[in-house]
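Provided below are the primary sequence and the corresponding predicted coordinates.
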Amino acid sequence: MSEETFADSLQLTTPEEIPANRVSQFSVRERATEFLSILKRQSALKTGLEERGVHFGGRVLLIGSTGTDFETFVSHLSAELPINVVRFRLARAIGDSESSNELARVGFEFARRNAPSLFYIERLDMMGTGSTPRAAVLQSELEHVSWDADNVIVVAATTRPDTVDADVFAAFDRTYLFEPATTNDRVKVLEQILRGRDDIDPSMVAELTDGWSFADVKHLAVSLYMTESVEHGQIAQERLEALIRKSGVLPVGKRGYVKSIAQNLESEKTPKLEQLEQAYPDTFLDQLYLMAVGDDFAGVQRVIESLNAGAPLSSADRLFLSRYPFLLTGSPEDRLTRLVRAKKSYDRLARIMGR
């Protein structure tokens, strides 16, 4: 693969290019400092490790919730060691073609060429998903690169560990788990961004954003910084709560928050079952089933099977339900009974009319 392809598919960042005043998540920085101390012991223990037939791989997996500042781990190591950072350009790396599988090999080779380096794999869940050829290539490359032999550290991050192939998981030497932003994380990022705004108490804002992700709090801090300041004293809690509500910043990294938004939107579109049952009396409901079966029997059957199984509905199924919302009423057995009855009635009518 040509050098031109390297330039298109991979990005190289030198330590000098890392921003010195970057806003960072304190708990992630602490783990990076911890790993840095392990790296510094490696040179003293290298001979002992070799005598035992083992080596220091330097392959780290970072797992956290949406909004975790994984980048801090990478930038801190790069600046302190100092070493180059190599990463995929995701638009090229996450495709499903054979070239994207080859790109995994190219990436590791590029990191070796630019050693000492840190190879950062963002969105590992997109690169090492399931039992795919790309996951197998990634596993093999991970197992054959190390800080001892190649002067290459590998750092991978994911917010969806359940989708990563287990064999890819096993290739990492150590894993760091990050909870949603701690109180200390929130206070420190608020202090850094709200510096000079004496009218806003970072500790109070941190209390009001319990469960928010680091990224969410950072966005909120920028929004608060841009509000009009109060001349005397600090803003009261009630006023801060109002500013947070009006900020337009949502805690999307909070566990279950996005799902709750989707459910609320869906419930606004879909009538409650009690209302549906009142709207469609028993006899009329049979007539509606007959109409739906005449229009699209296969579609009615598919949606009823999904509803009865409690399976997620596709966008096509939701559109179908918007046309036939009465399918939501009744028990699973009742739906199937009405479906069978409507199909028999429709077939009988078709025979009578000579269709």
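Perfect, thanks for sending it.

tell me the domain ranges of this structure?
As given by automatic domain parsing, the domain ranges for the chain are 3-178, 183-246, 270-347.

gap between the longest one and the chain center?
This points to domain 3-178. Remark: domain 3-178 is offset 18 Å from the chain centroid, using CA atoms, centre = their mean, to the nearest Å.

tell me the mean pLDDT for that domain?
What domain 3-178 shows for mean pLDDT is 89.

save the domains of the chain as TSV, and put in mean neighbour count and distance to Arg255 too.
Any C-beta I mention is one placed from the backbone N, CA and C, and that applies to glycine too. Conversion of these to TSV gives the following (neighbours: other CB atoms under 10 Å; distance: least, CB to CB, whole Å):
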stretch	mean neighbour count	distance to Arg255
domain 3-178	18	7
domain 183-246	17	7
domain 270-347	15	19
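
export these to JSON lines and tack on distance to Ile261?
Shown next, in JSON lines, are the domains of the chain (distance: least, CB to CB, whole Å):
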{"stretch": "domain 3-178", "distance to Ile261": "13"}
{"stretch": "domain 183-246", "distance to Ile261": "14"}
{"stretch": "domain 270-347", "distance to Ile261": "15"}
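
out of these, which is closest to Gly256?
Among the domains of the chain, domain 183-246 comes nearest to Gly256, with 9.7 Å by CB to CB.

end-to-end on the closest one?
22 Å (CA to CA, to the nearest Å).

ends of stretch 322-335, what's the gap?
Span of stretch 322-335 from end to end, CA to CA: 17 Å.

output the longest helix belonging to this protein.
Among the segments of the chain that qualify as a helix by DSSP state H, the longest is helix 282-309.

now that helix: mean pLDDT?
pLDDT averaged over helix 282-309 gives 87.

roughly how far is the helix or strand following it from the heart of the chain?
Note on helix 282-309: by DSSP states H and E, the next helix or strand toward the C-terminus is helix 315-323. Computed by CA atoms, centre = their mean, the chain-centroid distance of helix 315-323 equals 27 Å.

which other helices and strands does the next helix or strand after helix 315-323 contact?
For helix 315-323, the succeeding helix or strand toward the C-terminus, using DSSP H and E, is helix 332-352. Taking 3 or more CB pairs under 8 Å, 6 or more residues apart in numbering; DSSP states H and E as contact, the helices and strands that helix 332-352 lies on are helix 282-309.

list the helices and strands the helix it packs on packs on?
On a contact count with 3+ CB pairs under 8 Å, 6+ apart, helix 282-309 meets helix 315-323, helix 332-352.

so the longest helix of the chain versus helix 332-352, what angle?
Going by axes from the mean of the first three to the mean of the last three CA atoms, to 10 degrees, helix 282-309 is angled at 120 degrees with respect to helix 332-352.

need the residue closest to the centroid of this structure.
By CA atoms, centre = their mean, the chain has its centre lying nearest to Thr159, at 4.7 Å.

mind listing what that one touches?
Residues near Thr159 by CB atoms under 8 Å, 6 or more residues apart in numbering: Ile63, Gly64, Ser65, Thr66, Thr68, Asp125.

hey, C-alpha coordinates of stretch 103-110 in CSV?
Extracted in CSV, the C-alpha atoms of stretch 103-110 (Å, rounded to 0.1, in the frame of the first residue of the first chain):
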residue,chain,number,x,y,z
LEU,A,103,-5.9,-1.0,6.6
ALA,A,104,-5.7,-2.6,10.0
ARG,A,105,-2.4,-4.2,9.0
VAL,A,106,-1.2,-0.9,7.5
GLY,A,107,-2.1,1.0,10.6
PHE,A,108,0.1,-1.1,12.9
GLU,A,109,3.0,-1.0,10.4
PHE,A,110,2.7,2.8,10.2
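
helix or strand: which one has Val217?
Per DSSP H and E, Val217 falls inside helix 214-225.

now swap in Val137 and tell me
Assessed by DSSP H and E, Val137 sits inside helix 133-143.

helices or strands next to whichever helix or strand comes after that helix in the packing?
Following helix 133-143 in sequence order, the next helix or strand is helix 147-150 (DSSP H and E). Other helices and strands packing on helix 147-150, by 3+ CB pairs under 8 Å, 6+ apart, are helix 26-51.

now for the next helix or strand after the helix holding Val217, which elements pack on it?
Heading C-terminal from helix 214-225, the first helix or strand you meet, by DSSP H and E, is helix 237-246. Using 3+ CB pairs under 8 Å, 6+ apart as the contact criterion, the elements in contact with helix 237-246 are helix 202-208, helix 214-225.

quick revisit: in CSV, list the helices and strands packed on helix 282-309 along with mean pLDDT and distance to Val293.
As requested, the helices and strands packed on helix 282-309 are exported to CSV (pLDDT from 0 to 100; distance: least, CB to CB, whole Å):
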stretch, mean pLDDT, distance to Val293
helix 315-323, 87, 13
helix 332-352, 86, 4
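
out of those helices, which is closest to Glu51?
helix 315-323 (60.0 Å).
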